[in-house]
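S.K.: Prediction below, plus the sequence it came from.
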Amino acid sequence: MNSAQYLDEAFEKECEELLKVFLQKHKDYGKGNILEIGEMGIAFRLAEKVSRLKNLLGKSDGPVNESLEDTWTDIAVYAVIAKLFRKGLFQKLEVKK
């Protein structure tokens, strides 16, 4: 749970969580799949996540196998990756060991 007292603190804590998720997924998958498909591929992945989100939000009994929190996190991480990709940083930088 986020124990922040201010909105900017809460935002910062969420960004820290996004970084953790990014690093976990990067360790599992690397960045080759993103480099292979480029920005349009990121857009397609985001579209899939948004479709999943709409489906989960439309379920009256709530999600069974997927978490709304995980879906929002995936969307946010892909958005940051897209911003880094547009700036050329995703392509040329590596994760600090």
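M.R.: Arrived safely.
S.K.: the bottom helix or strand of the protein by mean pLDDT?
M.R.: Between all helices and strands in the chain, the lowest mean by mean pLDDT, DSSP states H and E belongs to helix 32-58, at a mean of 94.
S.K.: Below-threshold pLDDT in the chain: ranges please.
M.R.: Counting by pLDDT under 70, the chain contains low-confidence ranges at 1-2, 62-64.
S.K.: Now do the contacts for the residue nearest the centre of it.
M.R.: Note on the chain: the residue nearest the mean C-alpha position is residue 77, at 2.0 Å, using CA atoms, centre = their mean. Going by CB atoms under 8 Å, 6 or more residues apart in numbering, residue 77 touches 18, 21-22, 25. Bear in mind the C-beta positions are built from the backbone N, C-alpha and C, glycine included.
S.K.: Helix 32-58 and the helix or strand harbouring it, what's the angle between them?
M.R.: Secondary structure assignment for residue 77, by DSSP states H and E: helix 68-86. With axes from the mean of the first three to the mean of the last three CA atoms, to 10 degrees as the basis, helix 68-86 and helix 32-58 are set at 140 degrees to each other.
S.K.: got the buried residues for helix 68-86?
M.R.: Residues 71, 73-74, 76-78, 81-82, 84-85 are the ones in helix 68-86 that count as buried (16 or more other CB atoms under 10 Å).
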